[in-house]
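>>> Compute the structure for the input listed below.
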Amino acid sequence: MLFGCSVATQQRAQHQQKPPANLSSTTPTPQDNTADRIDRPTSDPYTGDLSIFEDRERERKLQINRVMDILKIKEGSNVADIGAGSGWFTVRAARRAGASGTIYAVEINEDYIKYIERRAAREKLSNIRTVMGREDDPRLPARSVDAALILKTYHEIAQPVRVLKRLRAAMRERALLGIIDRNGKGDDHGLNSEQVIREAEQAGFALVEQYDFVKPDGMDYFLVFQVKS
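Below you'll find the model as predicted:
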């Protein structure tokens, strides 16, 4: 679902406000170097049927309201859903943030972007903004988000350190980043939490908390980070 290829920015649904032509132009570009490259496999982005993400039991198993509580998502929050897929988390965050908040649904799959736009229109959620990312950049405005979540997609990110560096530039003071995934080798749709922590620290984040209550949904960990002070 996320950061496997580059695509152009798409037109928003009619009910959504049209963003700047290039959202990343407002975000300072962190310095890239060879140390940002990772020497491990990654999984191919999922491109199949989005209905698999709509399991009726998923909300209960993942305890998504608890996840949002921990990330301090509340009315008026600006939230980034990185690798938004079907918009499953996007719409839940949008309902919680309300009309005074903004949810950035970041994807690189054009079909998924269109799907989320249709879903937002159908569910009358005008606070959702879709963003077409690149393999090394979520293309968010500078200092625009109070919280971000990478749900079950971190193992698909081909250039995670660079993506996280650019995400860091989009985060406001005391903003929180959550990463939920399962343990694995990288190419088996999972990645060990220790590796995720190392890469996040390399990108300038510090681990704040970690949880395992997401296990009933087939996940192994929920990591919470803040930008290093």
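>>> Just give me the longest strand of this structure.
As assigned by DSSP state E, the longest strand anywhere in the chain is strand 171-181.
>>> Which strands border that strand, and is each parallel or antiparallel?
strand 145-151 (parallel), strand 221-227 (antiparallel) (DSSP bridges).
>>> which of those is buried the deepest?
Highest mean neighbour count among those (mean count of other CB atoms under 10 Å): strand 145-151, with a mean of 25. Every residue, glycine included, has its C-beta placed from N, CA and C.
>>> quick one: it to chain centroid distance?
Between the centre of strand 145-151 and the centre of its chain there are 6 Å (CA atoms, centre = their mean, to the nearest Å).
>>> Residues in contact with it: which ones?
Contacts to strand 145-151, defined as CB atoms under 8 Å, 6 or more residues apart in numbering, come from residues 2, 67, 71-73, 77-83, 89, 93, 104, 157, 167, 170-172, 175-181.
>>> show me what contacts residue 167?
Contacts of residue 167 (CB under 8 Å, 6+ apart): 80, 82, 138, 140, 148, 177, 203.
>>> quick one: the first one and residue 170 touch, right?
The one in question is residue 80. Yes - at 6.9 Å, residue 80 and residue 170 qualify as touching, with contact defined as CB atoms under 8 Å.
>>> Could I get the contacting residues of residue 61?
Going by CB under 8 Å, 6+ apart, residue 61 touches 55, 214, 216, 217, 218.
>>> pLDDT score assigned to it?
We have a pLDDT of 96 for residue 61.
>>> Now for it, which secondary structure element holds it?
Following DSSP states H and E, one finds residue 61 within helix 58-62.
>>> Tell me which residues are up against the next helix or strand after that helix.
Per DSSP H and E, helix 58-62 leads on to helix 64-70 as the next helix or strand towards the C-terminus. For helix 64-70, contacts defined as CB under 8 Å, 6+ apart pick out 58-59, 89, 92-93, 96, 149, 176, 178, 180, 209, 211, 213-214, 222, 224.
>>> Who are the packing partners of the helix or strand hosting residue 81?
Using DSSP H and E, residue 81 sits in strand 78-82. When contacts are defined as 3 or more CB pairs under 8 Å, 6 or more residues apart in numbering; DSSP states H and E, strand 78-82 sits against helix 88-97, strand 102-107, strand 145-151, helix 160-170.
>>> so how far is that strand off the chain centroid?
Taking CA atoms, centre = their mean, the mean C-alpha location of strand 78-82 is offset from the chain mean by 6 Å.
>>> Relative to it, what are the paired strands and their orientations?
strand 102-107 (parallel), strand 145-151 (parallel).
>>> could I get the helices and strands packed on strand 78-82 as CSV with mean pLDDT and distance to residue 41?
Compiled in CSV, the helices and strands packed on strand 78-82 are given as follows (pLDDT from 0 to 100; distance: least, CB to CB, whole Å):
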stretch, mean pLDDT, distance to residue 41
helix 88-97, 99, 26
strand 102-107, 99, 22
strand 145-151, 99, 18
helix 160-170, 98, 12
